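Engineer: give me a 3D structure for the following:
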Amino acid sequence: MRPEEVLKTYYGYDSFRPGQKDIVDAVLSGRDVLAIMPTGAGKSICYQVPAMCMEGITLVVSPLISLMKDQVSSLVQAGIPAAYLNSSLSQAQFQKALFNLQNGRYKIIYVAPERLLTERFLECISHLKIAMLAVDEAHCISQWGNNFRPDYLKIAEFIKLLKKRPVISAFTATATGQVRDDIERILNLNNPFQLTTGFDRPNLYFGVIETKDKDTELLKLLRQYKKRSGIIYCSTRAAVEEVTDLLISRKYSAVRYHAGLNEEERRRNQDSFADDTARIIVATNAFGMGIDKSNVSFVIHYHMPMSIEAYYQEAGRAGRDGEPADCILLYSPSDVRLNRFLIEHSEPNPEYSEKMQEEIRKRDLDRLKKVSGYAKTDHCLREYLLNYFGEKTKSYCGNCSACQKNFTEQDITVEAQKILSAVIRSNQMYGAGMIIDILCGNETDRIKERKLDELSVYGIMKDTPKAQLEGLIKELDEQSLLNITDDQYHVLKADPSCASVLKGETKVTRMIRRASAVTVSSSADPLTAALRKLRKMLAESEKVPAYVVFPDATLRMIAEKKPQTKGQLKEIQGMGKRKVNKYGARIIRTVKEYTE
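Structural biologist: Below you'll find the predicted structure:
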């Protein structure tokens, strides 16, 4: 079959999204591929469609059991023979899957990276024709990438053991230039066709709310989302438990997810969220990679993540159906301290030398500084994110808390002059703590010993709270009027550019953030609600997530077009031939009941 026929027959779509056809054509021409595509851009189509057109099987290396199960469920629903091999299978199930694989019953096999070099798997695939090896979440192969997985390094060794090298395709949603270079080098890609479709997700609203009372802000947000489905990310298991208990006490339909739960509860809670039984899932970053739930309309970060990569990947799980969705970060300065603690006390990897461990720690602290900058920036949040990934964009997006004028400008020239003067008059020898003591007129032993109480700036800001002074010093650092030495003392140094400020020639301002605006979609009409009910019933009968039956975008199109025949239903995006034959009669009956 031609790619367009596969797309229509199995997936129910008339045309490819931007970038998909270029990748499919490259694979079918026998060329390796490296594709950077944002979450929701349809990466899986790029290797699943050519897999159906090529002679032989396609192996997909995937990092998470939940990701494999979702993908395989969707493929089987569409009529594509597929299976997965991972630790969730019993010994009997695993042997049956291998038997079916050896007998050519599958076109696509998902496999965990740690399975690749096992003797049984190598023996099984030694007699098979492997047309393509697709590496999903390929950033996991780079030690500089988010979610580095040492097992991913086995992929290159596995490829060398194959009798004939297949086409290699690698896909990820978040990768800096360094990570992209690592993927190409470690997988030894041969002159790959490279495509970056852009990191922007225009349907996502980005907002930051700085608050000391996160529970109050969280509940305020959830009141606006009403019956919408969403994810709340927390940095620790304890916080997941506390937030889940809070939501349940307020009668919200919420479940928890973290690595401390047993496998049965994690599976049960994830399935409840996937099939819309539970509206909200509160989770650590152990949840979500590759989750294909399309109707997530908000992602709230209760804590600031450790990196921009982690934040953008987790936030990107909202709005996969293309509908407006919100990505909100609840920020507090304590988040930085928590993440710094987690980085500095993380379990060392026994596979790394001490030097490498130290390099990784420094890298993680640098990433933390970048994501802290996102939380505190006065400029367009979308621009900040896209620039991080090397994508230049305009400085106003109109769909983030900064661009929607959630800031008011404050003149801090006088305060800046006082702080800069204190730094200079104390010979640029001290850190922020000592400068604050000088400005506040604190009578400490160190102040008296060094005769700093004799400075003209001593006590000139005694009525200014310490926390406010700390904020002003950070602001001057961000504006490069102050520089902080990168050593254990963190000494403040006045930048030469501050001369014009001290002379009164240049004004210094900062932006004070107000509460962020939140987008809320309209509620569903009766027909849409009836179709959701039907979809849930079908999903429960087949023991698959609701969105595997058909996604929200397809459901809404059915409600809008109101098809009366199977022929009309085939024109609905997302309704492939098998799904029309399988569900068509019941969908049409539901539509007729409500249109009549």
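Engineer: in the stretch 201-350 of the chain, where is pLDDT below threshold?
Structural biologist: 286-292, 349 (pLDDT under 70).
Engineer: now the strands for it?
Structural biologist: Secondary structure of the stretch 201-350 of the chain, counting by DSSP state E, counting those that start in this stretch: strands at 204-210, 229-233, 254-257, 280-283, 296-301, 325-331.
Engineer: nearest to Ile435, of those?
Structural biologist: strand 204-210 (23.5 Å; CB to CB). In this view, the C-beta of every residue, glycine as well, is placed from N, C-alpha and C.
Engineer: what is the closest one packed up against?
Structural biologist: With contacts taken as 3 or more CB pairs under 8 Å, 6 or more residues apart in numbering; DSSP states H and E, strand 204-210 sits against strand 325-331, helix 354-376, helix 381-388, strand 509-513.
Engineer: redo those as a markdown table? Include distance to Ile57 and mean neighbour count.
Structural biologist: Output for the helices and strands packed on strand 204-210, formatted as a markdown table (distance: least, CB to CB, whole Å; neighbours: other CB atoms under 10 Å):
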| stretch | distance to Ile57 | mean neighbour count |
| --- | --- | --- |
| strand 325-331 | 36 | 25 |
| helix 354-376 | 36 | 15 |
| helix 381-388 | 37 | 21 |
| strand 509-513 | 53 | 16 |
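Engineer: which stretch among these approaches Leu555 most closely?
Structural biologist: With CB to CB as the yardstick, what comes closest out of the helices and strands packed on strand 204-210 is strand 325-331 (16.2 Å).
Engineer: work out the gap between the closest one and the centre of the chain.
Structural biologist: Once both centres are worked out by CA atoms, centre = their mean, to the nearest Å, strand 325-331 turns out to sit 12 Å from its chain's centre.
Engineer: what's it packed up against?
Structural biologist: Against strand 325-331 (3+ CB pairs under 8 Å, 6+ apart) you get strand 204-210, helix 214-225, strand 296-301, helix 354-376.
Engineer: between those, which one is nearest to Pro113?
Structural biologist: Closest of the helices and strands packed on strand 325-331 to Pro113 is helix 354-376, at 20.0 Å (criterion: CB to CB).
Engineer: for that closest one, what is the distance to the chain centroid?
Structural biologist: In terms of CA atoms, centre = their mean, the centre of helix 354-376 is found 18 Å from the chain centre.
Engineer: same check on stretch 417-435?
Structural biologist: 40 Å.
Engineer: can you give me the end-to-end span of it?
Structural biologist: 13 Å (CA to CA, to the nearest Å).
Engineer: could you dump the helices and strands packed on strand 325-331 to JSON lines with distance to Ala134?
Structural biologist: Shown next, in JSON lines, are these (distance: least, CB to CB, whole Å):
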{"stretch": "strand 204-210", "distance to Ala134": "26"}
{"stretch": "helix 214-225", "distance to Ala134": "35"}
{"stretch": "strand 296-301", "distance to Ala134": "25"}
{"stretch": "helix 354-376", "distance to Ala134": "28"}
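Engineer: which among these is found nearest to Asn191?
Structural biologist: That would be helix 354-376 among the helices and strands packed on strand 325-331, by CB to CB, at 29.6 Å.
Engineer: packing partners for that closest one?
Structural biologist: strand 204-210, helix 308-315, strand 325-331, helix 333-344, helix 381-388, helix 466-478.
Engineer: mind giving me the packing neighbours of the second one?
Structural biologist: In terms of contacts (3+ CB pairs under 8 Å, 6+ apart), helix 308-315 is packed against strand 296-301, helix 354-376, helix 381-388.
Engineer: what's that helix in contact with?
Structural biologist: The contact list for helix 308-315 (CB atoms under 8 Å, 6 or more residues apart in numbering) reads 39, 139, 145-147, 173-174, 176, 199, 204, 206, 231, 233, 285, 288-289, 299, 301, 304-305, 327, 329, 367, 370-371, 374, 385, 388-389.
Engineer: with the fifth one instead?
Structural biologist: Contacts of helix 381-388 with the rest of the structure, by CB under 8 Å, 6+ apart, involve 176, 199-200, 206-208, 308, 312, 370, 373-374, 377, 392-397, 399-403.
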